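> next comes the sequence, and after it the predicted model I'd like to discuss.
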Amino acid sequence: YAAPNSAVGTLTAENFDWEAQRKESFNKMSGHMKASWCRPTPGTPLNDQEDPKKWPVKLEEPGEDADEETKKNWEKALENFA
């Protein structure tokens, strides 16, 4: 719930597109920062996680010719971002 007189309330009343803002913010980050969203949450035990050496170091938006792993990493990072 957003109070009507708050900034969030005003933006909500104006039908502000929060998803577009989230994606715009994500796209403005460096490739290294985007890749950090593919990693487990800090403090998560790494017992059953994949090998950290396989985590992406840098992500750029995949083009049409991108491989499946690149597309998967992009979607995972965007999903985990805010």
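Yes, it's here.
> contacting residues around the longest helix along the chain?
Longest among the helix segments of the chain by residue count, using DSSP state H, is helix 68-80. Helix 68-80 has contacts (C-beta atoms under 8 Å, 6 or more residues apart in numbering) with 23, 26, 34-38, 56, 59, 61-62, 66. Just so you know, the C-beta spots here come from the backbone N, C-alpha and C atoms, and that holds for glycine as well.
> buried sites along it?
Counting neighbours by 16 or more other C-beta atoms under 10 Å, one finds that the buried residues in helix 68-80 are 70, 73-74, 77-78.
> hmm, back to that, buried subset of the contacts of helix 68-80 as a ChimeraX selection?
Only the buried entries of these go into this ChimeraX selection, using 16+ other C-beta under 10 Å:
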select :26,34,35,36,37,38,56,59,62
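> what about S25, how many neighbours?
Counted by other C-beta atoms under 10 Å, the residues lying close to S25 total 11.
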